[in-house]
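# coords below, sequence missing:
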């Protein structure tokens, strides 16, 4: 087998934004070194001081070095008809691919990661970094973090690994594009993707200590997880993310709606580092009730939070205000008391909108009478319905269930397909408590629009069904 063992030094960690400033290549034929190449590269951009402290290469050193486009013919010739090998290969390969892409050229080579090769042949080692593998094999690397020296060290490691039992077979496995092994982050064991079923559910990425790094939902768990490990994996943020993943776990859901609710709940529970949305417990805006000094019950729109208790919640302030306006007009409530509109006159807009003075501004309603009308408005316009939502289960012998009480999700779970549910008491042993938030409400509302009524429980509670 012919290898081109490559190492690069760069101005930073992102192949999309940073540039190559040194390249080292060691050629190997059947495990024996047959040639070397090294060159500094003028990156065309300043080298950050912090990066220069790592490899020691300064702006002055690369000032007269050739640009990358002047080296392309040599790089293509050195790597042609050879397997591209590097330690964390997606980093070096990704940088070269991007540099060629900027010049309108395509760089395409079969590749092998020496980290994954070492993991397969030396599973007993806790760390498979270049430094640790050099220590394990007794390889002296004089100038770590310089391209040629690191490429030489990597080639020595590859040569030793090829001499181990099963080495050539592992190489063939790594070269098999259908195996999926090259899709995985370096710390995920081969075959882990194959444990993922092709069904709806949630998946969790864990770090070396088991802490949850990321939570996602999927209609097809295996396909969705694979998508994380394809595409541009060589940006600084993506590489940091992949290098942090040491394990993954999953839970099937049966239906996408259940997966979305599970994902929302798990994100708020674990607050994963790499999730950017759904972390906060926020209800955005809601309608609240309070009693003024004269004893009148007022309804006002306000921003909500984890511990507030609005009568009803909305995504935006505009939605909440419009709902309160319509409710106030319908039930004869005072728009001035409810602060729906900016009213400067002594009477509210109810008169101009409805043709008569409201009972408060007309000084006709006592607090007890007015508050009775407010309570009726809350009961009929604000309080959501109590209902049971059913989805398909995780298998043919069960159903997914979501219990909604007065418009708020109170629990989710799964029931045996043949179980008889008569009321909440029959259901609650199958439910896990659920903390309802605006994110959960958005999921609920979007699926209720597509749900169909399939019957009633004996106590009259509607049973809705969400199809696939």
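Alright, I've got the coordinates. In this text the structure is predicted, and so the values were computed from the model without any measurement.
# hang on, isn't residue 392 packed against residue 255?
Yes - counting by C-beta atoms under 8 Å, residue 392 does reach residue 255; the two are 5.3 Å apart. The C-beta positions use only the backbone N, C-alpha and C, and glycine is treated the same way.
# what's the overlap in contacts for those two?
400, 468 (C-beta atoms under 8 Å, 6 or more residues apart in numbering).
# the more surrounded of those two?
Under the neighbour definition other C-beta atoms under 10 Å, residue 392 and residue 255 were set side by side, and residue 255 has more, 24 against 20.
# so what's that one scoring on pLDDT?
Predicted confidence (pLDDT) for residue 255: 95.
# again, but for residue 414
Residue 414 is assigned 95 on the pLDDT scale.
# same check, this time on residue 151
On pLDDT, residue 151 comes in at 96.
# Residue 49 too?
Residue 49 is given a pLDDT of 93.
# Can you read off the backbone torsions of it?
phi -60, psi -40 (degrees, to the nearest 10).
# what about it, neighbour count?
A count of neighbours around residue 49, defined by other C-beta under 10 Å, yields 9.
# And it, how far from residue 59?
When C-beta to C-beta, to the nearest Å is applied, the distance between residue 49 and residue 59 equals 10 Å.
# Which strand or helix spans the residue lying farthest from the centre of the chain?
The C-alpha centroid of the chain is most remote from residue 364, which lies 56.8 Å away (C-alpha atoms, centre = their mean). Secondary-structure assignment from DSSP states H and E places residue 364 in no helical or strand segment.
# try residue 64
Residue-wise, residue 64 maps onto no helix or strand under DSSP H and E.
# Next up, phi/psi of it, please.
The phi/psi pair for residue 64 (degrees, to the nearest 10) reads phi -100, psi 10.
# ok, it - how many residues close by?
Using other C-beta under 10 Å, the number of residues around residue 64 comes to 8.
# In space, what's closest to it - neighbours in sequence excluded?
Take residue 64 and drop its neighbours on the chain: the residue closest to it by C-beta to C-beta, 6 or more residues apart in numbering is residue 42, 7.6 Å away.
# Would you give the sheet partners of the strand or helix carrying residue 463, along with the direction of each?
Using DSSP H and E, the secondary-structure element containing residue 463 is strand 462-465. Looking at strand 462-465 with DSSP bridges, its paired strands and their directions are strand 387-392 (parallel), strand 452-456 (antiparallel).
# most tightly surrounded among those?
When you average the neighbours per residue for each of those (mean count of other C-beta atoms under 10 Å), strand 387-392 leads with a mean of 21.
# you'd agree residue 50 is in a helix?
Yes - Residue 50: assigned to a helix according to DSSP: H, G, I helix; E, B strand; the rest coil.
# residue contacts, it?
Residues counted as contacts of residue 50 (C-beta under 8 Å, 6+ apart): none.
# Residue 263 too?
For residue 263, the contacting residues are 202, 215-217, 278, taking C-beta under 8 Å, 6+ apart as the criterion.
# Which residue in the residues you listed has the weakest pLDDT?
Looking at these by pLDDT, the weakest one is residue 278, with 71.
# wait, isn't that one in contact with residue 268?
Yes - if you go by C-beta under 8 Å, residue 278 and residue 268 touch, sitting 7.0 Å apart.
# ok, how many other residues are close to residue 297?
A count of neighbours around residue 297, defined by other C-beta under 10 Å, yields 20.
# That one bridge partners, please.
On the basis of DSSP bridges, residue 297 is bridged to residue 291.
# domain assignment for this structure?
In the assignment given by automatic domain parsing, the structural domains of the chain cover 2-181, 193-270, 285-382, 387-465.
# From the contact counts, what lies against the strand or helix carrying residue 215?
Residue 215 is part of strand 212-218, with elements assigned from DSSP H and E. On a contact count with 3 or more C-beta pairs under 8 Å, 6 or more residues apart in numbering; DSSP states H and E, strand 212-218 meets strand 201-206, helix 221-228, helix 236-244, helix 256-270.
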